[in-house]
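1. Structure for the following, please:
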Amino acid sequence: MYVFLRLVSFTPFGCLCLVNQINDEQARALAEAVKVNYIVTQLILGSNDISDLGVKTMAEALKINHSVTELELGSNKIGAAGAWALAETLKVNRTLTHLDLGDNQIETEGIKALTEVLEFNQTLTRLTLRSNAGISDSYKESFGEESHLKSRIII
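-> Now for the predicted structure:
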């Protein structure tokens, strides 16, 4: 964890990009650093080996963190449990404005949990869910009827 605390403390411009570098264990260590971070505003963690386990710890950290505004988790191994954990976080987090979960393994129930929380969370302005297992053509069609959310979600 010490390495992540040092990395988070000295990251220029508030962006921490760790692509193709971390797994669940390292994501847990990074989440501990995020809890006490006030510098990093963007976490780019795409194309890693992060599953529900790593995302759950990051989601808990984001309940406490008030500086991260963008979280990119595209192209990982996140499923419904990770989506549920992030949806619970979005009920209390009022800092995150962009969340990218594209190209993961999120099933329909996880997709629904994330989209439904947007009714209560007005801070998140962009939620990317493209290329997930739970986004069927029928879901896309039914979602088109929800015009007030359509501008905030990329499917």
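2. any idea how far Ile154 lies from Glu70?
-> To Glu70, Ile154 is 14 Å away according to CB to CB, to the nearest Å. In short, each C-beta sits where N, CA and C put it, glycine included.
3. Give me the more crowded residue out of these two.
-> Between Ile154 and Glu70, counted using other CB atoms under 10 Å, the more crowded position is Glu70 (18 against 13).
4. Beta-bridge partners for that one, please?
-> Gln42, His98 (DSSP bridges).
5. Report the distance from stretch 50-58 to the chain centre.
-> Distance of stretch 50-58 from its chain centroid, counting by CA atoms, centre = their mean, to the nearest Å, is 10 Å.
6. show me where the protein has strands.
-> Secondary structure of the chain (DSSP state E): strands at 15-17, 42-44, 70-72, 98-100, 126-128, 153-154.
7. Now render these as TSV, adding distance to Glu88 and mean pLDDT.
-> Listed next are these as TSV, based on distance: least, CB to CB, whole Å; pLDDT from 0 to 100:
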stretch	distance to Glu88	mean pLDDT
strand 15-17	23	88
strand 42-44	18	96
strand 70-72	15	98
strand 98-100	13	98
strand 126-128	15	97
strand 153-154	18	88
